[in-house]
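Asker: Take a look and give me a structure for this.
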Amino acid sequence: MKNDVCVLVPTLNEAETIADIVTKFLADGYQVLVIDGHSTDDTRELAASAGAEVIVQTGKGKGQAIQQAFATIESEYLVMIDGDGTYLPDEIDVVLAPVLRGEADHVIGNRFANFSRGAFTKLNLVGNKLLNKMFGIIYGGWLNDILSGYRAFDKKAYKGIELNKTGFEIETEITVECVKKDLRIMEVPITYLPRREGAPTKLNPLKDGARIGMTIYKLAKLYNPMFYFGVFGAIFMLFGVGIGIYVVNEWLYGITHVLLTILSTLVIIIGIQLFIFGLIANLIAALHRETLREIRRKMRDVPEQEKD
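Answerer: Reported below is the predicted structural model:
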């Protein structure tokens, strides 16, 4: 069974940790593919010396590396783990088990179940919780750790999802795609460790956190358009009502603002139209999801010999 599992390790300057990770997985009988983002240290050499297959990604960014790896790998099962040493290779059985048992198509390792002191800053903790809540509100999938880098997939999952993001938003996009494709998602508790000394993080909490939040929001236009357009509608309506309150207050003192009255009316109408558009788009999206769900159900019922 382990011969059917490929461990994917995206790396960028992980010389401090990569050899230990590769050695551990290979000793346990797993295939290991390291896809490197043009490291300037000895990451590639150390990974190859430890016995891993090493590929240099064609583009830049963690997201692009994962897209390239998903297109390259053909194993029945895939485990994805960061190369920074913050995850335990020993816990691969925990992450992989639900997929091997056929209970899930995609498994996410929940770092918040057991994280060590110093593994998260207070800003990281607050940001992660906000992004997880935002994801739950928009997509209805109440998960604890959508940004985890320790994941397992069956072949249907990692070959079926469509990815476009090239940066640290990739974990978010993977999770959204799995929800959109009606894949069975499960979370399992894992350990999360602080980064080793000499291995600084490449993630900027504010910049990358904002990009991840925007990714969650932008991807909602296809899954939950009511939320996507409703936010714009609410902004327009609040702006229009604010102008309207000012106009009415001035009118009470005998001052008339004709142009502001027209502007207030137009802005409120635009807000209402955005809400209506969001509602119609939401109905179309729901119908589309239901159609795809029915197609997938019928495909599962088709005997394998008929598919061939």
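
Asker: care to break the protein down by domain?
Answerer: 2-222, 224-307 (automatic domain parsing).

Asker: Now mean neighbour count and mean pLDDT too, for these, in a markdown table please.
Answerer: Bear in mind the C-beta positions are built from the backbone N, C-alpha and C, glycine included. Converted to a markdown table, the domains of the chain look like this (neighbours: other Cβ atoms under 10 Å; pLDDT from 0 to 100):
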| stretch | mean neighbour count | mean pLDDT |
| --- | --- | --- |
| domain 2-222 | 19 | 91 |
| domain 224-307 | 14 | 86 |
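
Asker: Over to Gly109. Which of the three states is it?
Answerer: Here Gly109 is recorded as strand under DSSP: H, G, I helix; E, B strand; the rest coil.

Asker: so it touches Leu147, yeah?
Answerer: No - counting by Cβ atoms under 8 Å, Gly109 stays clear of Leu147, with 10.9 Å between them.

Asker: Return the distance of Ala69 relative to Val56.
Answerer: Ala69 is 12 Å from Val56, where distance means Cβ to Cβ, to the nearest Å.

Asker: let me fix that: Ile138
Answerer: 36 Å.

Asker: same question, Ala220
Answerer: Distance from Ala220 to Val56, by Cβ to Cβ: 34 Å.

Asker: Ile161 now?
Answerer: Distance of Ile161 to Val56, computed by Cβ to Cβ: 23 Å.

Asker: Tyr268 - nearest residue in space that isn't next to it in sequence?
Answerer: Just so we're on the same page, residue 268 is Ile rather than Tyr. Excluding the flanking residues, the one nearest Ile268 by Cβ to Cβ, 6 or more residues apart in numbering is Gly240, at 3.6 Å.

Asker: A helix includes the one you found, no?
Answerer: Yes - membership of Gly240 in a helix is supported by three-state DSSP.

Asker: Tell me who's in contact with it.
Answerer: 263-268, 270-271 (Cβ atoms under 8 Å, 6 or more residues apart in numbering).

Asker: what's the spacing between the residue nearest to Pro205 when sequence neighbours are not counted and Met80?
Answerer: Spatially, and ignoring its direct neighbours in sequence, Pro205 is nearest to Leu123 (5.0 Å; Cβ to Cβ, 6+ apart). As judged by Cβ to Cβ, Leu123 and Met80 stand 25 Å apart.

Asker: With Tyr139 instead?
Answerer: Tyr139 sits 20 Å away from Met80, going by Cβ to Cβ.

Asker: How about Leu283?
Answerer: From Leu283 across to Met80, the span is 36 Å (Cβ to Cβ).

Asker: again with Ile270
Answerer: Distance from Ile270 to Met80, counting by Cβ to Cβ: 43 Å.

Asker: Likewise for Pro225?
Answerer: Per Cβ to Cβ, Pro225 is found 30 Å from Met80.

Asker: Centre of the chain to stretch 273-291, how far?
Answerer: In terms of Cα atoms, centre = their mean, to the nearest Å, the centre of stretch 273-291 is found 23 Å from the chain centre.

Asker: quick one, strands of the stretch 101-250 of the chain?
Answerer: 106-115, 151-154, 185-192 (DSSP state E, counting those that start in this stretch).

Asker: what residues are up against the residue located most distally from the centre of the chain?
Answerer: Most distant from the centre of the chain: Gly254, at 55.2 Å, with distances by Cα atoms, centre = their mean. Residues near Gly254 by Cβ under 8 Å, 6+ apart: none.

Asker: Need the three-state assignment for it.
Answerer: Per three-state DSSP, Gly254 ends up coil.

Asker: what's near enough to touch the closest residue to Phe70 other than its chain neighbours?
Answerer: For Phe70, ignoring the flanking residues on the chain, the nearest one in space by Cβ to Cβ, 6+ apart is Tyr158 at 5.1 Å. Contact analysis of Tyr158 by Cβ under 8 Å, 6+ apart lists 70, 73, 78.

Asker: From Phe232, how far out is the first one?
Answerer: From Phe70 over to Phe232 the distance is 33 Å, taken as Cβ to Cβ.

Asker: Which parts of the stretch 101-250 of the chain are helices?
Answerer: 122-139, 155-160, 170-180, 205-218, 220-223, 225-252 (DSSP state H, counting those that start in this stretch).

Asker: In CSV, list the C-alpha atoms belonging to the fourth one.
Answerer: Presented in CSV, the C-alpha positions along helix 205-218 are these (Å, rounded to 0.1, in the frame of the first residue of the first chain):
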residue,chain,number,x,y,z
PRO,A,205,1.3,37.6,8.3
LEU,A,206,-0.3,40.9,7.2
LYS,A,207,0.4,40.8,3.5
ASP,A,208,-0.2,37.1,2.9
GLY,A,209,-3.1,37.1,5.4
ALA,A,210,-4.8,39.8,3.4
ARG,A,211,-4.2,38.0,0.1
ILE,A,212,-5.7,34.8,1.6
GLY,A,213,-8.7,36.7,2.8
MET,A,214,-9.2,38.2,-0.7
THR,A,215,-8.9,34.7,-2.2
ILE,A,216,-11.6,33.4,0.1
TYR,A,217,-13.8,36.3,-0.9
LYS,A,218,-13.1,36.3,-4.7
